[in-house]
Every structure is written in C-alpha cells, then in structure tokens.
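Peer 1: Take this sequence and fold it.
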Amino acid sequence: ALGASAAAFGAGNPWQTIERAGETGCADGSPYRFHVRVADPSRLLVFFNGGGACWNAATCDPAGRPTYRVHTGEGSGNDPREYGGAFDLDNPENPFREWSQVFVSYCSGDVHLGDATARYPGPDGDVVIRHAGRANAEAALAEAYAFFPEPAEVVVAGGSAGALASPVYAAVLAEHYPEARITQLGGGGAGYRLPPPTVLWESWGVIPALPAVLDTAGVSSDSLRITDLHRLAAAAAPGIRFHSYDNAYDAVQEQFLALLGHPAELLPGLDANLDDLHADLPYLRSYVAGGEFHTLLRYDELYTRRTAGVRAVDWVASVIDPARDAANVHCSCDGECRGP
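Peer 2: Purely as a prediction, here's the structure:
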C-alpha cells in the first residue's frame, strides 16, 4: 500500500523533487533536495548518492576546488533523471524499472553521516562548512516512511560516498521495516584499506551522530575503521544481506587513498577488505570487475560490464531476487583485472 503522501503522484511525472528545511542543508548554504519515484509500493530502492568527501580547507571550500558535491541544484549530479543504469526507466533490462525509489542526494562532504559545523583554517581565512549528512539522510528516510509504509523488499544501495553509508542505513531501515527483506548493495567503496580515519570522523562529528540502532559502546574515532560500518550494521540487523561491487583499480578510490595519505593500487587492499568481511559477516556477496571504472548503479556500465562470464546486470538481478543467492564474482588473474 502507498502512504497518503503518494496520492498526488502520477505516472506522467515519475520523479518528484522534495525540499526539506530544519537541520538539513548543503555545504554551500543552499537548501537540501532529494527525489522520490512512486511505482510498486512493495519494492523500494533507497539509493545514497556519491560525490566525494572533504576534511580541510583545500578540499572543502565551495569557492575553490572542492572534492565533493556542494549543492543539490541543477548541474550538481544529484538528479536521478540525469543518470542511466538503475535510473533508466525506459530500459527493459533495468532490474529496478518497476520499483519505487528514493534518491538520497549528497552535498555535505561527510559520506551521509556527519553532524557538525567545522572550521577549517585556510590561507585566505577559515572555511566554515556545515556537515549535515545525517540530518539530510534522515529527512529523505522520513519521506520514504511516509510514502511507503509497508514494503516487502527494500534495497539500500549507494555509490562511492553513498556506498560507505549504505550499511548503516540498511540497519536503520531494517529497524523501521522489521517485516521487510533488507538487501544492501554498495558500489565503489570497499577498497579503503586504512587505519581508522580519525580526522574524518572528528571533523564530521560522526561518532555521536551514529544511529541508535547500532551498538557503539567502545566505538571511538580512534578505533572505527571504514569497514567496521558493515560489522556494526550486521550486529544490529543480522538479517541484512550485504553486497559489494568494485572495480579492481577504481581510479577514484585510488585518488582518495592518496589524498588521505595512503597511496596504493586498489586491488590488494580491496581483496584484503573483502576477505575480512566475508569471514566476519553472516552473508556477503561481492563482484570485483576489472579496470578503473567507479561505481555501478548510476551508469550504463550496469548493462555493459561482464566479469568472469557474468554480466553485472544479471548479478544485480540475482542480488535483489528473494529466490536466488548471488554468486561471488572476481576478475581473473590473466589480465582481466587490468582490463577496461
């Protein structure tokens, strides 16, 4: 069944843009906007958009060369109408073509998890940024709850920065929809083989803002690794089925590893992270493709990528099918991992 909020939505206008005030907002001070598509109310895709991150004046200043999306307006990369992949509503191969969708825009530089106003000293004065990712995400989720009160299947997906947050919000949605089948799917975020990124957690105010569904006793900015977000989510909601898609030499993940002071080729750290997560999580399936491409669901790479004989779109279809168990797919060692 649809909630009352969906009554005004018609088939002729598949995407609605929603703006919410309150504690929400973007790094450049502009309003926060996200998008909702009403289709089959029993199947819901909640997608957390990507778009970089920032943690100092050089990377955060909206007037400089920021390494993240700073607003949600026109040209920001925060409109699902501009994407292909899972958002191409005309493609009969699209596994999400008939699904209702909530597109959680991203403009806070904090992987959707922050709650802090940070002051970053710069050569031309301080750069003051509101990291409101947590409030923005909660506003979008509140709308999802109003539109779709009883979905049977919920996919919580994300690309890049959104991939990092997706396990956390999968646990949040699992708590809200206790009768639903919850599937998490991250794209382009599993390769960060790092010590705890303390400066990020503290700059963004992440630890005190983590959702109450997670058991954060003993968790600190000095101890929380990025991959631990999966572990906290799995402990909070053991029924979540976790999935990870990455390209072996993803150029964007390698760029951010370098910016964070840990330059490395991605594949060794990616494989090590996945090995650890496969050992720790009750259910995790992964797909490692070749080449330097970044993420999957927003792009037609979803339809063109084939790895070890398995098309990415077929793998995603198996991920979201309650009757199927997705395979673990990995590019071969004969050059496929270095491929396009």
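
Peer 1: Let me know the secondary structure of Gln255.
Peer 2: Here Gln255 is recorded as helix under DSSP: H, G, I helix; E, B strand; the rest coil.

Peer 1: which other helices and strands contact the host helix or strand of Ala258?
Peer 2: Per DSSP states H and E, Ala258 falls inside helix 251-259. The elements that helix 251-259 packs onto, with contact taken as 3 or more CB pairs under 8 Å, 6 or more residues apart in numbering; DSSP states H and E, are helix 266-280. (Glycine included, C-beta is placed from N, CA and C.)

Peer 1: Following the helix it packs on in sequence, what is the next regular element?
Peer 2: Next helix or strand after helix 266-280 toward the C-terminus (DSSP H and E): strand 284-289.

Peer 1: and that next one, average pLDDT?
Peer 2: Strand 284-289 shows a mean pLDDT of 98.

Peer 1: Do I have it right that Val329 meets Asp314?
Peer 2: No. Using CB atoms under 8 Å, Val329 makes no contact with Asp314, being 9.9 Å away.

Peer 1: higher neighbour count, these two?
Peer 2: Higher neighbour count among Val329 and Asp314: Val329, with 20 against 17, using other CB atoms under 10 Å.

Peer 1: beta partners for the closest residue in space to the more buried one that isn't next to it in sequence?
Peer 2: Leaving aside its sequence neighbours, Val329 sits nearest to Tyr287 (CB to CB, 6 or more residues apart in numbering; 4.4 Å). Taking DSSP bridges as the rule, Tyr287 bridges to Tyr245, Val329.

Peer 1: Tyr287 contacts Trp315, doesn't it?
Peer 2: Yes. Tyr287 is within contact range of Trp315, at 5.3 Å (criterion: CB under 8 Å).

Peer 1: Common neighbours of the two, please.
Peer 2: Common neighbours of Tyr287 and Trp315, counting by CB atoms under 8 Å, 6 or more residues apart in numbering, are 245, 329.

Peer 1: follow-up on the earlier one: let me see the residues that make contact with the helix holding Ala258.
Peer 2: For helix 251-259, the external contacting residues (CB under 8 Å, 6+ apart) are 52-53, 59, 67, 160, 188-189, 191-192, 194, 246, 263-266, 269-270, 292, 294.

Peer 1: Repeat that for stretch 33-41.
Peer 2: Counting by CB under 8 Å, 6+ apart, 1-2, 6, 9, 14-20, 72-73, 78-80, 89, 98-105, 136, 139-140, 143-144, 147-148, 150-151 sit against stretch 33-41.

Peer 1: And it, how far out from the chain middle?
Peer 2: Mean-position distance between stretch 33-41 and its chain equals 17 Å (CA atoms, centre = their mean, to the nearest Å).

Peer 1: Pull out the buried positions in that stretch.
Peer 2: Neighbour counts using 16 or more other CB atoms under 10 Å place 33-41 of stretch 33-41 among the buried residues.

Peer 1: still on that earlier bit, which of the contacts of stretch 33-41 count as buried?
Peer 2: Buried subset of the contacts of stretch 33-41 (neighbour count, 16+ other CB under 10 Å): 2, 6, 9, 14-18, 20, 72-73, 78-80, 89, 99-105, 136, 139-140, 143-144, 147-148, 151.

Peer 1: Going by residue numbers, what spans are strands in this protein?
Peer 2: 15-20, 32-37, 40-48, 99-104, 116-120, 127-131, 153-159, 181-187, 242-247, 284-289, 306-307, 310-311, 329-330 (DSSP state E).

Peer 1: Distance to Leu210 added to those strands, as TSV?
Peer 2: Below are the strands of the chain laid out as TSV (distance: least, CB to CB, whole Å):
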stretch	distance to Leu210
strand 15-20	21
strand 32-37	20
strand 40-48	15
strand 99-104	17
strand 116-120	13
strand 127-131	14
strand 153-159	16
strand 181-187	16
strand 242-247	18
strand 284-289	21
strand 306-307	34
strand 310-311	35
strand 329-330	31
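
Peer 1: With respect to Ile207, which of these lies nearest?
Peer 2: Nearest to Ile207 among these is strand 116-120 (10.4 Å), distances taken as CB to CB.

Peer 1: my read: Glu265 touches Tyr249, true?
Peer 2: Yes. Glu265 lies in contact with Tyr249 (CB under 8 Å); the separation is 6.3 Å.

Peer 1: So for these two, which sits in the more crowded spot?
Peer 2: A direct count of neighbours by other CB under 10 Å for Glu265 and Tyr249 places Tyr249 higher, at 19 against 12.

Peer 1: residues in contact with the more buried one?
Peer 2: By CB under 8 Å, 6+ apart, the residues touching Tyr249 are 265-267, 290-292, 337-338.

Peer 1: 10 Å instead, please
Peer 2: Counting by CB atoms under 10 Å, 6 or more residues apart in numbering, Tyr249 touches 191, 265-267, 270, 290-293, 337-339.

Peer 1: ok, now which ones touch the closest residue to Gly122 other than its chain neighbours?
Peer 2: Leaving out its chain neighbours, the residue that sits closest to Gly122 by CB to CB, 6+ apart is Ala57, at 3.1 Å. Applying CB under 10 Å, 6+ apart, we find Ala57 in contact with 64, 118-129.
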